[in-house]
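A.B. asks: What would the 3D arrangement of this be:
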Amino acid sequence: MVQTLGFLAGLMPAVTAMVAPFNLRNRSDDTSVRAVYLFHRSGDPLVTVASDSVLPLESSKLEPVLGAVREFVEGQEASVGRLLQTTQRFGEDGVVGVRGQFISACAVYHGHGGGILRRDLVRFVREFEERNAPHLGTWEDATSIAGDASLALVGLMDGRGFSEPVPAATFAAVTI
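C.D. replies: Residues are numbered from 1 along each chain as shown. The predicted structure follows:
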């Protein structure tokens with residue numbers, strides 16, 4: 001019995017190392033989100049949240065990364081109930097995009113956790129659209145809830161997934 005416990009204790013670090021790639025780690029362990037962009041389906045920007053702790057992209061990489069974001073946002077529209085997704089790599093950096101019926105969310109990141117980040121963006125877009133569909137018909141209406149979206153996306157910057165948004169009335173009271 002003691003030999004079995006010793007064997008299992010020695011085996012656990014190896015099992016942990018083998019299972020880690022299957023998303024049992026926190027995304028912040030291997031990915032640093034540089035910025036998250038939220039666009040209305042019209043292509044107009046709603047929210048940009050940028051990290052103050054992750055170094056910005058080198059100028060030589062900025063144009064292709066922003067070009068990838070623009071191409072995704074201006075691409076084909078998603079049908080009702082369907083989300084379009086993309087992931088593009090630029091060396092150690094990447095772009096993840098998720099488009100719903102009303103909004104597109106794109107994140108620029110450094111590292112190798114694009115799949116986990118994409119999962120978080122899918123969840124954000126799906127739940128944000130369900131919760132706010134009446135306010136997303138036009139860009140002008142969507143700007144009324146941009147504060148909620150901004151607060152919700154802050155969690156993505158910190159690697160925690162998105163945060164539950166504070167109601168717009170509370171946000172307005174805090175920012176005034």
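
A.B. asks: tell me the helices in the protein, going along the chain?
C.D. replies: With helices called from DSSP state H, the chain shows them at 2-19, 59-74, 114-132, 139-142, 146-158, 168-175.

A.B. asks: What distance do you get for the closest residue to E129 other than its chain neighbours to E74?
C.D. replies: Leaving aside its chain neighbours, E129 sits nearest to G100 (4.8 Å; criterion: Cβ to Cβ, 6 or more residues apart in numbering). All C-beta spots, glycine's among them, are computed from the backbone N, C-alpha and C. Per Cβ to Cβ, to the nearest Å, G100 is found 15 Å from E74.

A.B. asks: I116 too?
C.D. replies: In terms of Cβ to Cβ, I116 sits 26 Å off from E74.

A.B. asks: higher neighbour count, the two?
C.D. replies: Applying other Cβ atoms under 10 Å to I116 and E74 shows that I116 carries more neighbours, namely 21 against 10.

A.B. asks: can I assume D93 is in contact with Y109?
C.D. replies: Yes: contact status for D93 versus Y109: in contact at 6.8 Å, counting by Cβ atoms under 8 Å.

A.B. asks: Settle it for me: which of those two has more neighbours?
C.D. replies: Neighbours were counted for D93 and for Y109 using other Cβ under 10 Å; Y109 has more, 25 against 20.

A.B. asks: Now for that one: which residues touch it?
C.D. replies: Neighbouring residues of Y109 by Cβ atoms under 8 Å, 6 or more residues apart in numbering: 31-34, 93-96, 117.
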